[in-house]
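Trainee: Predicted model and sequence follow; I will ask about them next.
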Amino acid sequence: MINPFLESCVMCPRECGANRYQRRGYCQAGAELEINLAQLHFGEEPPISGSRGSGTIFFCHCNLRCIYCQNYQISIKGYGREISQAQAIEIMLFLQEQGAHNINLVTPSHYALQLVEILTKAKEQGLKIPVLYNSSAYDKVEMLKVLEDVVDIYLPDYKYHHAVYAKKYSHAPDYPQVAQKAISEMIRQKGFLQLDSEGIATKGVLVRHLVLPNMLSGSRAALQMLASDYGTKIPISLMGQYYPTYDAHHYPELDRGITEKEYQKALDVIYDLGLDCVYIQELSSDDSWTPDFLCNNAANND
Ligand code: SF4
């Protein structure tokens, strides 16, 4: 059935107006869902992956398209397959049967409307585990309001605090403003991340911030803004896993991993601000970042 909203798509802040039944817009997504992979994932933060894994669905395409995207084969090149709504529901129910703690929708912003319908039906058909919306935060508040009843946990990035870098690396100078409004709406809906007695996330918001080389994500100002707007209990995941990939080799300032000193600088800001619900990553001995997270404090605001 034709969805009139997809005939002139303004689902995300790009508002490119593509008729997704006939051509692909900025995000390169058509009208039907395309996914690369659906599997239990153990590399997310401890309350998300838990012991049984996060039921992760990686969607193809992206409305942000950063020049250093770590998942560029899926988000930019679009490697994957089209699935029907019924297949999407089957996948979610299968992941639940496998023991997943949650359904983790990775890069979902350009499919938000389709997902509302799918998740509503999946819940009617027995989906009980929390649904997690794992986005870049380049989301419109109107769309987040539509998602309110079907999403339990938001895992937004806060990628840049400065428009100049959002423009240069993601062609989105409005990113800081858009993301701040999106995160504010997410927190209004769900509050901070809440954990059950076993430390597994049940509801709420956990904000991710990726430290970029040369501090180009504006870590100091970004963390200051989060602490000042939401207080020191806001759950934050400080990510240090950046490595140059996709088009980053054309940008000398981004053509390397981050140094321990740079990550430590961001950590110092966290300590200075007194942020105490923070998941951090450790640099392993072979210079790659481990997927394991530590938490300074239980991210439970019960
Ligand atoms: S979701 Fe895609 S098609 Fe729709 S407005 Fe955004 S970029 Fe354009």
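Mentor: Received it, and whenever you're ready, just let me know what you need.

Trainee: from here on, contacts and neighbour counts on C-alpha atoms
Mentor: OK.

Trainee: now the strands: where do they sit in this protein?
Mentor: For the chain, applying DSSP state E gives strands covering 33-41, 54-59, 81-83, 103-106, 131-134, 153-154, 194-195, 201-205, 207-210, 236-239, 278-283, 289-295.

Trainee: List the neighbours of the longest one that are in contact with it.
Mentor: It refers to strand 33-41. If you take CA atoms under 8 Å, 6 or more residues apart in numbering as the criterion, strand 33-41 is touched by 49, 52-60, 74, 79-85, 91, 95, 100, 111, 114.

Trainee: Kindly recompute the last result at 6 Å.
Mentor: The contact list for strand 33-41, computed with CA atoms under 6 Å, 6 or more residues apart in numbering, reads 53, 54, 55, 56, 57, 58, 59, 60, 80, 81, 82, 83.

Trainee: how distant is that strand from the center of its chain?
Mentor: 14 Å (CA atoms, centre = their mean, to the nearest Å).

Trainee: Number the residues from 127 up from this point.
Mentor: Renumbered: residue one is now 127, and that last one reads strand 159-167.

Trainee: Taking the stretch 177-326 of the chain, what residue is nearest to the ligand?
Mentor: Of all residues in the stretch 177-326 of the chain, residue 236 sits closest to the ligand, at 3.9 Å by CA to the nearest ligand atom.

Trainee: what number of residues lie near that residue?
Mentor: The tally of other residues near residue 236 (other CA atoms under 10 Å) stands at 29.

Trainee: How much space separates it from residue 225?
Mentor: 27 Å (CA to CA, to the nearest Å).

Trainee: still on that earlier bit, are any of the contacts of strand 159-167 buried, and which?
Mentor: Listed as buried from the contacts of strand 159-167 are 179, 180, 181, 182, 183, 184, 185, 186, 206, 208; burial here means 16 or more other CA atoms under 10 Å.

Trainee: surely the fourth one meets residue 228?
Mentor: Meaning residue 182. No: in this structure, residue 182 is not within contact of residue 228 by CA atoms under 6 Å, at 8.1 Å.

Trainee: and stretch 398-406, what's its mean pLDDT?
Mentor: Averaged across stretch 398-406, pLDDT comes to 94.

Trainee: End to end on it, go ahead and measure it.
Mentor: End-to-end distance (CA to CA), stretch 398-406: 15 Å.

Trainee: Which positions in it come out as buried?
Mentor: Buried residues in stretch 398-406, defined by neighbour count with 16+ other CA under 10 Å: 399, 401, 402, 403, 404, 405, 406.
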